[in-house]
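Engineer: Any chance you could fold what I've pasted below:
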Amino acid sequence: MDSDSKTASPSRSFRRVLGKLCQLFARKLPFLPGKYRSLLQSLHGVKIEDWRSTFIGENVYFDDISPCDISVGRNTRITANVRILTHYFDTRYQPTPSRPFRFFKGVVSIGQNVFIGSNTVIANSVNIGNGAIIGANSVITRDIPANAIAAGCPAKVIGERPPMLGELN
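Structural biologist: Numbers count the residues shown, from 1 in each chain. Below you'll find the model as predicted:
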């Protein structure tokens, strides 16, 4: 596989335009309940396990380049102004005049029962484990284990919460 097959480039299809409209409504309508924002984002292409149990706050941005590479588990809470990106900048790329930058795309997987605080940015290909809590204003660039409490820029695990009652290890 050549290296350009993993680089990020947007498509220009009707599906993408429809997805952008769904994202616009989900982000900018303040009176819209969070579960309906989840439904609109799933129509945009985000893999939401159960839109009825998932809350998405106002102005949450899911990457337009490849929304199908984002998955969100049940009972997850994503609060206002969160940015979830599936593409990231290649810092090791040797620039040329015709191509001064290169971006890669990856997969973002958010587990079940996760809470993501306001203004968080998920800016890399990462897995956020079940039951994790992400503090407000954090920048996620690495995997976060299950039941971890993470915060900061870049986010670091600062604690652990007990597993959900009835959950098997």
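Engineer: following the helix or strand residue 40 falls within, which helix or strand comes up?
Structural biologist: Per DSSP states H and E: residue 40 is located in helix 34-44. Next helix or strand after helix 34-44 toward the C-terminus (DSSP H and E): strand 47-48.
Engineer: Show me what that next one is packed against.
Structural biologist: helix 34-44, strand 70-72 (3 or more CB pairs under 8 Å, 6 or more residues apart in numbering; DSSP states H and E). (C-beta placed from N, C-alpha, C; glycine too.)
Engineer: who touches it?
Structural biologist: 38, 41-42, 54, 68, 70-72 (CB atoms under 8 Å, 6 or more residues apart in numbering).
Engineer: May I see the ChimeraX selection of the buried members of the residues you listed?
Structural biologist: Only the buried entries of the contacts of strand 47-48 go into this ChimeraX selection, using 16 or more other CB atoms under 10 Å:
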select :38,41,42,54,70,72
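Engineer: now, which of the contacts of strand 47-48 sits nearest residue 24?
Structural biologist: Of all those, residue 24 sits closest to residue 41, with 11.2 Å by CB to CB.
Engineer: In contact with the closest one: list those residues for me.
Structural biologist: Taking CB under 8 Å, 6+ apart, one finds 22-23, 26, 48, 51, 56, 60, 62, 67 in contact with residue 41.
Engineer: Out of those, the closest to residue 138 would be?
Structural biologist: residue 60 (14.5 Å).
Engineer: and the spatially closest residue to the closest one that is not a sequence neighbour, how far is that from residue 93?
Structural biologist: Nearest residue to residue 60 in three dimensions, chain neighbours excluded: residue 82, at 4.8 Å (CB to CB, 6 or more residues apart in numbering). Separation of residue 82 from residue 93 (CB to CB, to the nearest Å) stands at 28 Å.
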